[in-house]
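Student: here is a sequence with its predicted model. Questions after.
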Amino acid sequence: MRLVGLVSIFDQPVLSGNIPLLPVVCSIKELLGGLAMDYLILDLDESDTSSHSILAILRARPGIRLIVIGPLVNNDLAMEAISAGARAYLDLNSEVDVVRLAIDVVIRGNICAPRKVLSKLIDRLLKVGDSSLTNAPPQLTPREEQVIQLILLAQSNREIARKLGIGIKSVTAHVGRLMRKTGTNNRINLASFMRKHSRL
């Protein structure tokens, strides 16, 4: 039913001056496999893999404009989605006209998210240290570079530890240092920061 509702968005008349859009329904695997598109509506659940899906998509397709539809009243997920690079966040009860409006907002190059989320993002930006407001990436050790590369591939601490042949506690310590160096407070923000400020 949700898929039918999403596809019906594209049956709505296009407002004057707006670009008509064509829906392409596919799995994330198909998308990352090479299907070309400029905009993506991603239907998420509350699982722990939600933010990893966002990061994986944006890592593979840095230019794509991502609109996330997630669970009801989940400002934390909305914050993670926007921080990770999504251009819009809507809840699953959003009406068709609201979703279409969000698409038009994103096409115009703006962000569409709940006011509370946008307010928190602005507060966070105002609290960020000067070093993370510059374009210069932080100085990383070779091991930290390996860890961040795997974080950008949405690998868990356990997977990173296995691939690098080190303990999970060591990975946790590296992630903590990376967060301190970048002024971030979770893996999503860390990955988003490094995508924007690093040439890794």
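Tutor: Arrived safely, thanks for sending.
Student: separation between Gly176 and Glu144?
Tutor: 11 Å (C-beta to C-beta, to the nearest Å). Any C-beta I mention is one placed from the backbone N, CA and C, and that applies to glycine too.
Student: look at those two and report which has more neighbours.
Tutor: Under the criterion of other C-beta atoms under 10 Å, the comparison of Gly176 against Glu144 puts Glu144 first, with 16 against 10.
Student: which residues touch that one?
Tutor: His174, Arg177, Leu178, Lys181 (C-beta atoms under 8 Å, 6 or more residues apart in numbering).
Student: of those residues, just say which sits nearest to Ser94.
Tutor: Taking C-beta to C-beta as the measure, Ser94 lies nearest Leu178 of those, at 34.9 Å.
Student: state the pLDDT value of the closest one.
Tutor: Looking at Leu178, its pLDDT reads 90.
Student: hang on, it packs against Gln146?
Tutor: No. In this structure, Leu178 is not within contact of Gln146 by C-beta atoms under 8 Å, at 11.2 Å.
Student: among these two, which residue is more densely surrounded?
Tutor: Leu178 (23 against 17).
Student: which is the next helix or strand following the helix or strand encompassing that one?
Tutor: Assigned by DSSP states H and E, Leu178 belongs to helix 168-182. Heading C-terminal from helix 168-182, the first helix or strand you meet, by DSSP H and E, is helix 187-197.
Student: for that following helix, name the packing helices and strands.
Tutor: Here helix 187-197 touches helix 49-60, helix 75-84, helix 142-152, helix 168-182, going by 3 or more C-beta pairs under 8 Å, 6 or more residues apart in numbering; DSSP states H and E.
Student: following the chain past the third one, name the next helix or strand.
Tutor: When you say that, I think you mean helix 142-152. helix 157-164.
Student: list the buried residues in stretch 64-72.
Tutor: Ile64, Arg65, Leu66, Ile67, Val68, Ile69, Gly70 (16 or more other C-beta atoms under 10 Å).
Student: shouldn't the last one be in contact with Met79?
Tutor: Just to be clear, that refers to Gly70. No. Gly70 is beyond contact range of Met79, at 10.9 Å (criterion: C-beta under 8 Å).
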